[in-house]
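Student: Give me a 3D structure for the following:
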Amino acid sequence: MSNDDPLDDLLDELDSQSDLETAEQVLSIRMEERRYGKPVTIVEGFDLSESEIESTASELKSSLGTGGTVDEGRIELQGDHRDRVPDLLRDRGFDVQT
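Tutor: A predicted model of the protein is given here:
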């Protein structure tokens with residue numbers, strides 16, 4: 001009996017393709033002021049499915065201890081996090097434009 005499971009092989013292949021896709025994307029990070037001068041950090045340039053962007057946003061919000069949302073394929077984080085977000089995204093395999 002072989003331990004090689006075709007499903008495991010397929011999942012490994014999808015993971016490696018996903019890693020390649022994230023490395024090829026160049027994300028930009030900027031800050032906007034919203035109502036009453038509240039800062040919002042915007043992360044743009046994703047070429048991922050909506051669910052993958054949502055997952056990335058959830059990880060960022062947890063790491064930063066802040067709220068946020070996904071709107072029109074970009075992540076919006078409450079507060080000015082331009083100093084921490086690039087490292088967090090690089091840790092997840094993204095290329096970040098500075």
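
Student: use CA for all of it now, contacts and neighbours both
Tutor: Fine.

Student: after the lowest-mean-pLDDT helix or strand in the chain, next one along is what?
Tutor: Lowest on mean pLDDT, DSSP states H and E among the helices and strands of the chain sits helix 6-24, with a mean of 61. Downstream of helix 6-24, the first helix or strand assigned by DSSP states H and E is strand 26-33.

Student: partner strands of that following strand, parallel or antiparallel?
Tutor: Next to strand 26-33 in the sheet, as set by DSSP bridges, lie strand 39-44 (antiparallel), strand 95-97 (parallel).

Student: Redo those strands as JSON lines? Include mean neighbour count and mean pLDDT.
Tutor: Shown next, in JSON lines, are those (neighbours: other CA atoms under 10 Å; pLDDT from 0 to 100):
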{"stretch": "strand 39-44", "mean neighbour count": "20", "mean pLDDT": "96"}
{"stretch": "strand 95-97", "mean neighbour count": "16", "mean pLDDT": "85"}
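
Student: now the ones you listed as TSV including distance to V70?
Tutor: Putting the strands paired with strand 26-33 into TSV (distance: least, CA to CA, whole Å) gives the following:
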stretch	distance to V70
strand 39-44	10
strand 95-97	18
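
Student: if we compare the ones you listed, which one ends up closest to L77?
Tutor: For the strands paired with strand 26-33, proximity to L77 was assessed by CA to CA; strand 39-44 is nearest, at 5.0 Å.

Student: for the next helix-or-strand element following the closest one, the distance to its chain's centre please.
Tutor: Of the helices and strands lying after strand 39-44 in sequence (DSSP H and E), the nearest is helix 50-64. The chain centroid and the centroid of helix 50-64 are separated by 6 Å under CA atoms, centre = their mean, to the nearest Å.

Student: now what about helix 50-64, what contacts it?
Tutor: Residues outside helix 50-64 that contact it (CA atoms under 8 Å, 6 or more residues apart in numbering): F46, G67, G68, T69, V70, G73, R74, I75, L77, V85, L88.
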